[in-house]
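>>> dropping the sequence and predicted coords here.
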Amino acid sequence: MLDIRRRLLDKSALITSFVAPFLLASILGLAFGNSQSSGVMTIGIAFSNPNSYVRNLSNAGLASASLPALIKVDKNLTVANLEHEVKLNKISAGVILDGSLGSPSNIESLVNDVNGLLSATFVHPNDTKVNIGIDVVSGSSSLAGQVAQGIAASILGRIYNGILVATVVSSNRTGYSATIPKSEQTKTFFRIAESSAITPLPFILKNDNFGTGRNVIGYFAPSMAVVFLFIGAGLGARSIVQERGEGTLARLAASPVKSGAIVFGKMASIIVMSLVSVFLLWGETVLIFGASWGDPTGVIAMCVATTLAMCGLSIFLTSLAKTEQQAFNASVIVGFVLALIGGNFFPPGSLPPFMQTLSLFTPNGWALVGFGRLSQEGLGFTGILGPIEVLGSIALVFVVASLFRIGRVIEL
Amino acid sequence: MTSVLTTKNLVKRYGDRLAVDGISFEIQRGECYGLLGPNGAGKTTTISMACGLLARDNGEVYINGIPLTHRSIETKKYIGYVPQDLALYPEISVSDNLRFFGKLYGLVGEDLEKRVDQTLEIVGLKDRKKDKVASFSGGMKRRANIAAGLLHKPSLLVLDEPTVGVDPQSRNAILEAVSVLGDEGMAILYTTHYMEEAERLCDRIGIVDLGKIVEEGTKEELVEKVGTKDRIRIGIRNNYELAVKILKEKEPSASLELGNNFIGVSTENAPSKLPDLAGILVSNGVEISSLVVVEPNLEAVFLKLTGKELRD
């Protein structure tokens, strides 16, 4: 308590625990607040040659893509409208299908060209070749472009499936062996049909379900709070190194107080002030900007577990420093690296799969999983037991290690 | 009578380096004991062990007869420690600093407030009690630093080079305050490398060099031990060997210190003999570059004992 009071008196705690989180919440609120739909992505689909066969197949392709709720599809667009809307950012990306297919009977080639555009050539029963082109119109969001690409692939896969079924049925009924692909072609045909029909959408969209009607600040506020916790705790711990240099630690050690109590007091003041800052951030974003962090019990549990884990790690790293500058570098540089690896600076699910795996080697990565389950998936306390266990284990290891380290620092 | 502080055979090693090598001394109530030595002699390490801040490799420390370790709690209440660094929080007022440290010693409420005022009065900072330490001059910061060590009325006050980098006015105020505390019965352990401070303040002095107390006693005892003779320091430009021969012949009872381009002559009544000695040397062709008469003081004692001069 004495150390907290002292930090309040010298205003260092006011800045890190009250002013900074208030500013952070305000910035997040102004950036994302009250934007209930900003997490929803609209993909437009247009047909350059409207055709009921292709239209039906594309609908089936969309259905097979199992699009998450954040992706809305607008199918009532002309090609010109779609391109215009994408340009104005009203639509995130678009898929343009050339619907002049008619009744294709055989596949001749499938091209996924260097630009990622999909096209296919089919043989029409009258032996004319029909080219199907699926163009992806990307807007400013590369993520939306990826989604549109996935949708295009899924639609195309469905079309192949349709052709395959039509071909097989036709050959069985009529015995026209000429329409059945030759053996090599058949293998390719089946392979493409099978794989394309189940073309997955980008991994993260399926798994993180970002923006299912909840506002974006509900994700970014805890995400930024986690980074803030690490850096804030590191800077708090830097004061221990500073106190060692300035001699106040020696004076504390000379007083009739157990060194364990001094260490515990230092640690506790950093953790308590960090907890205050994260609760303040929560309160402000919820009360002023209408964010939803999810089930309050779960949020409190996640805040405590995350604070302990991030503070433990941060204080431990800082306590290894010999100088204030090293301590500053440890808290800021490591904080940013962890934030990058853990995915705090990115929209949920936008990391490639290997980075998503890598993020689970960081406490902030697990914190994001937990907070994401609360705010984006609407899960309650029982849904975050996994992240709580992991964060609790990290906290236990690093808090204990920090206690020993700081103890050594204080005992000269 | 039980000594306020007793140290016995203190030893501290840092790796292969022996920082403190068997230091022992005692301080009685109302006595000011000075540890005098150059930077790096082992003074701060010694007092760190004496205050229980640093685990020792060997030796014992007793405060008022009670054994002290670096994990002792109760015994530390008797010690007021004033480190060499400004060990205060600069961004809060001096009175808030004192309240913070006072609470660590169990002072609370009116008692704490009373002690804060009394202590600030002693160090002459009462009228600045609400000012941030950061706004103080160097001398005022030092006095505030001492106040934090005095707050709980310790029976032993340990001051580690409290006047380093302080202006003469503040230094005088600090020395005055310390002198008064000693008169009031507080035992004081004072480390310094300033001779005049040790001479002015300390009842007894331990001369520390290379981690050992090479000599100990009152100023008079130390001078006596080294010898009461004055010392003449004659700078020689040429005929060095001839000069040595002449001095040995003229002053057979004097002890000669042969330095690089100088000869030190320790003899009684040096000022009266100086003209004769200088005249004989010059008449024999010895060129003299300088002549200095050094009366016996701690500087001479220190030089004699350690072969070094004390510098800032």
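Great, that's in hand.

>>> tell me, how many residues neighbour A:F279?
Residues lying near A:F279 (other Cβ atoms under 10 Å in any protein chain shown) number 18. Placement of C-beta: from N, CA and C, glycine included.

>>> now do the same contact list for whichever residue of chain A sits closest to chain B.
Taking Cβ to the nearest Cβ, chain B has its nearest neighbour within chain A at A:G247, 3.1 Å off. Residues near A:G247 by Cβ atoms under 8 Å, 6 or more residues apart in numbering or on different chains: B:83-87.

>>> highest neighbour count among those residues?
Within the contacts of A:G247, most neighbours by other Cβ under 10 Å means B:P83, with 26 neighbours.

>>> could you give the residue of the stretch 101-250 of chain B that lies closest to chain A?
Closest approach between the stretch 101-250 of chain B and chain A, counting by Cβ to the nearest Cβ: B:L104, at 4.0 Å.

>>> where along the chain do the strands fall?
In the absence of a named chain, this looks at chain A. For chain A, the strands defined by DSSP state E cover A:41-47, A:71-77, A:93-97, A:106-112, A:118-123, A:129-138.

>>> let me rephrase: I mean chain B.
Using DSSP E, the strands of chain B run over residues B:5-14, B:17-27, B:32-36, B:58-63, B:66-67, B:79-82, B:156-160, B:187-192, B:204-209, B:212-217, B:230-236, B:255-258, B:262-267, B:288-294.

>>> now the longest one and strand B:204-209, what's the angle there?
I take that to be strand B:17-27. Angle, strand B:17-27 to strand B:204-209, by axes from the mean of the first three to the mean of the last three Cα atoms, to 10 degrees: 170 degrees.

>>> what does the first one give?
Angular relation of strand B:5-14 and strand B:204-209 on a 0 to 180 degree scale: 10 degrees, by the same axes, to 10 degrees.

>>> what packs against strand B:5-14?
Here strand B:5-14 touches strand B:17-27, helix B:43-50, strand B:58-63, going by 3 or more Cβ pairs under 8 Å, 6 or more residues apart in numbering or on different chains; DSSP states H and E.

>>> mind listing residues that contact the second one?
Taking Cβ under 8 Å, 6+ apart as the criterion, the residues outside helix B:43-50 that touch it are A:250, A:412, B:5, B:7, B:10, B:12, B:19-20, B:23, B:35, B:37, B:54-56, B:59, B:61, B:68, B:70, B:84, B:158, B:160-161, B:189, B:191, B:208, B:211.

>>> pull out the buried residues from the residues you listed.
The neighbour-count criterion (16 or more other Cβ atoms under 10 Å in any protein chain shown) marks A:250, B:5, B:7, B:10, B:12, B:19-20, B:23, B:35, B:37, B:54, B:56, B:59, B:61, B:68, B:70, B:84, B:158, B:160-161, B:189, B:191, B:208, B:211 among the contacts of helix B:43-50 as buried.

>>> what sits against B:E251?
With contacts defined as Cβ under 8 Å, 6+ apart, B:E251 is in contact with B:265, B:267, B:273, B:277.

>>> what is the nearest of those residues to A:D135?
Of all the contacts of B:E251, B:V265 has the smallest distance to A:D135: 106.7 Å, by Cβ to Cβ.

>>> grab the nearest non-local neighbour of the residue of chain B found nearest chain A.
Of all residues in chain B, B:D85 sits closest to chain A, at 3.1 Å by Cβ to the nearest Cβ. Among residues not flanking B:D85 along the chain, A:G247 sits closest, at 3.1 Å (Cβ to Cβ, 6 or more residues apart in numbering or on different chains).

>>> just B:I146 next, same as before
Once flanking residues are discounted, B:I146 sits nearest to B:V82: 5.2 Å by Cβ to Cβ, 6+ apart.

>>> quickly list what the one you found is bridged to.
With DSSP bridges as the criterion, B:V82 is bridged to B:L159.

>>> from B:S72, how far off is it?
B:V82 is 19 Å from B:S72, where distance means Cβ to Cβ, to the nearest Å.

>>> shaky segments in the stretch 101-250 of chain B?
Where the stretch 101-250 of chain B drops to pLDDT under 70, the residues are B:226-229.

>>> residues from it in reach of chain A?
Within reach of chain A by Cβ under 8 Å from any Cβ of the partner chain, the stretch 101-250 of chain B has these residues: B:101, B:103-106, B:148.
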